[in-house]
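> Whatever this is, show me its structure:
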Amino acid sequence: MAQFMALYNADVANYKQVVLTAFQQTEDNLAALRLLSEEIQQQQETVASAQRFFDVSSVRYKTGLDPYLNVFTAQSTLLANQLTVVTLRVQQMTSSVQLIESLGGGWNVSQLPTEQQVQAKRP
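Predicted coordinates for the structure are as follows:
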């Protein structure tokens, strides 16, 4: 009888650990998604500012006020900021998948739509 109680207690302890781990992973992924959303919003504002800087630099170059180096610098800044937004979005998607998995969901590549299905939904 003692052996069965020990096995039962071990199973209960394992179950509790699995549940606690799932709660922790869920909380971590929810926090990551919230932070990434804030970072993306801030970075998009930075991209808008960099776009304005690029536009002004282009106009100033076309009117002969500035050298092309200023346009090049503005464009480099704009592209770097856009790349940061893309990187943050990839992290956001990864965190979303991890959140689904931590909630007990699965992620199977075979469930993704085919290229034809995606193209069929395009207007």
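
> from the chain's centre, how far out does stretch 98-118 sit?
Chain-centre distance of stretch 98-118: 16 Å, with Cα atoms, centre = their mean, to the nearest Å.

> So what would you say the end-to-end distance of that stretch is?
24 Å (Cα to Cα, to the nearest Å).

> now stretch 104-115
28 Å.

> heads up, I number from 770, so please use that
Will do, 770 is the new start, and the previous item becomes stretch 873-884.

> Show me which residues of it are buried.
Buried residues in stretch 873-884, counted by 16 or more other Cβ atoms under 10 Å: none are found. For glycine as for every other residue, the C-beta is placed from the backbone atoms N, C-alpha and C.

> contacting residues around the spatially most central residue of the chain?
Closest to where the C-alpha atoms of the chain average out (Cα atoms, centre = their mean) is residue 861, at 1.6 Å. Residues near residue 861 by Cβ atoms under 8 Å, 6 or more residues apart in numbering: 802, 805-806, 809.

> Can you flag the buried ones in those residues?
By 16+ other Cβ under 10 Å, the contacts of residue 861 give 802, 805, 809 as buried.

> what's the pLDDT at the residue nearest to the centre of the chain?
Note for residue 861: predicted pLDDT of 95.

> What separation is there between it and residue 845?
Note on residue 861: its distance to residue 845, by Cβ to Cβ, to the nearest Å, is 25 Å.

> thinking again about what came up before, right, and the helix or strand after the strand or helix carrying the residue nearest to the centre of the chain?
Using DSSP states H and E, residue 861 sits within helix 837-871. From helix 837-871 onward toward the C-terminus, using DSSP H and E, the following helix or strand is helix 884-890.
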